[in-house]
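Chemist: need coordinates for the following:
(2 chains)
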Amino acid sequence: MTSRFLVRKLLRLLLTLWAAVTLVFVVLRLSGDPIVALVPADLPDAILEQYRERLGLTGSILEQYGAYLSGVLRGDFGYSFRTAGPAWDVVASRVPATLLLGGAAMALAILVGIPAGIAAAHWHNRAGDRVIMTGAVFGYAMPNFFFGILLILLFTLNLQWLPSGGMGGFSHLIMPTLTLGLASAGAFARFTRSSLLEVLGAGYMRTARAKGLSLRRQMLVHALRGALVPLTTLLGFTIGALIAGAVVTETVFAWPGVGRLLVVSVSERDLAVVQLIVILAAATMAFANLAVDLAYGWLDPRIGQERRSQRAGP
Amino acid sequence: MSRRRSLGRTVALVVLALVVGVALFGDFLTAYPYDQSNLLARNEPPVFLGGSWDHPLGTDRLGRDMVARLVVAIRISIGIAAVGTLISMMIGTSLGLLAARRGKAADDAVMGLVDLQAALPFIIIALAILAFFGRSLTIFIMLIGLYGWEVYARQVRGAALAARNQPYIEAARAVGVTTGTIYRRHILPNISNIIIVQATLNFPQAILLETGLSFLGLGIQPPLTSLGQLLGEGRDSLASSWWVAVIPGTVIFLTTLAVSLLGDALRDRLDPTLRR
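Modeler: Model (predicted):
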């Protein structure tokens, strides 16, 4: 991997972040005079002016944009209405819960999805394959919010085994993790299956079979290695969409994470908080993409060197 | 094609026909208006749980007839998803053709927008717009219509660029057909399969987006209802009347499942590169 490759990717990351930050600014200004949305109605004009100054809404639009950008760079994202504290503190306090749920769900998705995909590819077009793929299609069509409610009906109201929501011990984590994790498990299973099916016919797989390697070694070491690049893409996308994925599930189970905070802030129009979460979501996505790009070069040396060999070629 | 698969597709077709039929003509199914509450008939169970035929699917906690609410909810959800799919198809196709046709500057501008759209999960963009602009039916429909446009744009652009080098386009150009007519009469019909296939993928996702946002209380607002709004209301009364949530949830699940299966079938037929 060349350092030029890295520099280009880092520049791209910065550009994406700048675009997201600017988009938020533009959309907020497009929606009308933000002061109307940002402060309670019926304020006397004098107080309104004070608010304008405090929120950086004085001067020309370019001056406002400059003030906004420098604020973002200093980590100043404005104040939440609901708590009157800095938006940053409000959002930061919710991050650990989202990371915990997202991590648990990701682990479940990988532990269920990849073995299921391997099994389906192994039994290609036989009963086992069809059962697994039917499960994956059902998982795709089943909305998170309905699956979560079905779990609550079964485990909380009927069997009374698990709490319906909130955060606490391990028992609180089970249903949200199942809801979020099984949805991605279907995608992991489909990706694993299709990329394995592609490599199973490759020459090196015939060699592995001819060498008399055990089926487990053939699948896990030789075939899966070839399927790692598409799986990394999916993994990166799932990590990048961490906040987006958590919105519905966190709301269903009253899980105190960033996704739930976003829904509450949208319905109460706590714009500073919404703004910060949007920027955070864009940053998550951009860093996940960068990590995926770096992982490609490591997983498949051909990708990083493509450019160099092209230049060296005849 | 295996018999099992074609059976699955027949069932999916029947489900979808039922859902669309109810959306269009469902008013005959009940005498009650969807928003009429009756405090003397609250939380009545459906017929299959021992309720009466007076309210075949029971009532909610305000005593509103579930059949009537379901008919309106299906109509709104399917209608918004259909309109949204059409809008995003038109936006995406126009921009994709524009990028293919109008030279480098237009191409860069459109593809830059596509990249920007792909830099954020759509639900985040949707929530931000709802927060900044407030909630209204018009904004909500426009949002659903924005969903997925970038996929059409990317695919239409690619297909149009590929089609441009085909001999039939050269032939058309040689006999003096103008560029506009070539795109409209020759290229567009030839790439319409790609657009239709993309629409079958977009439609179930539009249903899930609409029902998801409405479930969160940020989409369709009461007194109007949609499948997601109904499910969201039902969630608050799970302990006393679980059917209020489970019935619309099942309809959402079966509809998206049916559309996905039929989309697969259509793709097998329309996309020659997938044919094995």
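Chemist: quickly check: the helix or strand where A:Ala183 lies near chain B or not.
Modeler: Per DSSP states H and E: A:Ala183 is located in helix A:170-200. No: Helix A:170-200 is not in contact with chain B by Cβ under 8 Å from any Cβ of the partner chain; minimum separation 11.0 Å. In this view, the C-beta of every residue, glycine as well, is placed from N, C-alpha and C.
Chemist: distance from the helix or strand just after that helix to the middle of the chain?
Modeler: Per DSSP H and E, the first helix or strand lying C-terminal to helix A:170-200 is helix A:203-210. Counting by Cα atoms, centre = their mean, to the nearest Å, helix A:203-210 is centred 37 Å from the centre of its parent chain.
Chemist: the stretch 201-314 of chain A against chain B: which residues are in contact?
Modeler: Within the stretch 201-314 of chain A, the residues that sit near chain B (Cβ under 8 Å from any Cβ) are A:240-241, A:243-245, A:247-248, A:251-252, A:262-263, A:265-267, A:269-271, A:274-275, A:277-278, A:281-282, A:285-286.
Chemist: how deep is the residue in the stretch 201-314 of chain A positioned nearest to chain B tucked in, by neighbour count?
Modeler: In the stretch 201-314 of chain A, no residue comes nearer to chain B than A:Ala244, which is 3.4 Å away by Cβ to the nearest Cβ. As a burial measure, A:Ala244 scores 21 neighbours (other Cβ atoms under 10 Å in any protein chain shown).
Chemist: wait, what's in contact with it?
Modeler: Neighbour list for A:Ala244: A:Gly259, A:Ala281, B:Pro121, B:Phe122, B:Ile123, B:Ile124 [criterion: Cβ atoms under 8 Å, 6 or more residues apart in numbering or on different chains].
Chemist: which pair in these spans the largest distance?
Modeler: Maximum pairwise distance among these (Cβ to Cβ): 14.5 Å, between A:Gly259 and B:Phe122.
Chemist: quick one: mean pLDDT for stretch A:155-168?
Modeler: Per-region confidence: stretch A:155-168 scores 83 on mean pLDDT.
Chemist: picking that back up, what helices or strands is the helix holding A:Ala183 leaning on?
Modeler: In terms of contacts (3 or more Cβ pairs under 8 Å, 6 or more residues apart in numbering or on different chains; DSSP states H and E), helix A:170-200 is packed against helix A:95-122, helix A:127-141, helix A:144-151, helix A:224-240, helix A:242-252.
Chemist: pull out the buried positions in it.
Modeler: Using 16 or more other Cβ atoms under 10 Å in any protein chain shown as the test for burial, helix A:170-200 gives A:172-193, A:195-197, A:199-200.
Chemist: which helices and strands sit right next to the host helix or strand of B:Phe132?
Modeler: Assigned by DSSP H and E, B:Phe132 falls within helix B:122-133. Here helix B:122-133 touches helix A:3-30, helix A:242-252, helix A:258-267, helix A:271-299, helix B:137-146, helix B:188-215, going by 3+ Cβ pairs under 8 Å, 6+ apart.
Chemist: 7 Å instead, please
Modeler: Helix B:122-133 sits against helix A:3-30, helix A:242-252, helix A:258-267, helix A:271-299, helix B:137-146, with contacts defined as 3 or more Cβ pairs under 7 Å, 6 or more residues apart in numbering or on different chains; DSSP states H and E.
Chemist: quick one, which of these is packed in tightest?
Modeler: Ranked by average neighbour count under the criterion mean count of other Cβ atoms under 10 Å in any protein chain shown, the helices and strands packed on helix B:122-133 are headed by helix A:242-252 at a mean of 26.
Chemist: B:Ala105 and chain A: what is the separation?
Modeler: According to Cβ to the nearest Cβ, to the nearest Å, B:Ala105 and chain A sit 19 Å apart.
Chemist: what does chain B put close to chain A?
Modeler: By Cβ under 7 Å from any Cβ of the partner chain, the part of chain B that sits against chain A consists of B:116, B:119-121, B:123-124, B:127-133, B:204, B:208, B:211-212, B:215-218, B:231, B:235, B:238-239, B:242, B:245, B:249, B:252-253, B:256-257, B:260.
Chemist: give me the buried subset of the residues you listed.
Modeler: Among these, those buried by neighbour count (16+ other Cβ under 10 Å) are B:116, B:119-121, B:123-124, B:127-133, B:204, B:208, B:211-212, B:215-218, B:231, B:235, B:238, B:242, B:245, B:249, B:252-253, B:256-257, B:260.
Chemist: on that earlier part again, deepest of the helices and strands packed on helix A:170-200, which one?
Modeler: helix A:242-252 (a mean of 26).
Chemist: name the nearest residue to A:Gly226, sequence neighbours excluded.
Modeler: Leaving aside its sequence neighbours, A:Gly226 sits nearest to A:Val199 (Cβ to Cβ, 6 or more residues apart in numbering or on different chains; 3.8 Å).
Chemist: how about the most centrally placed residue in chain A, nearest residue that isn't a chain neighbour?
Modeler: Nearest residue to the geometric centre of chain A (Cα atoms, centre = their mean): A:Ala241, 1.7 Å. Nearest non-adjacent residue to A:Ala241, counting by Cβ to Cβ, 6+ apart: B:Pro121, 4.8 Å away.
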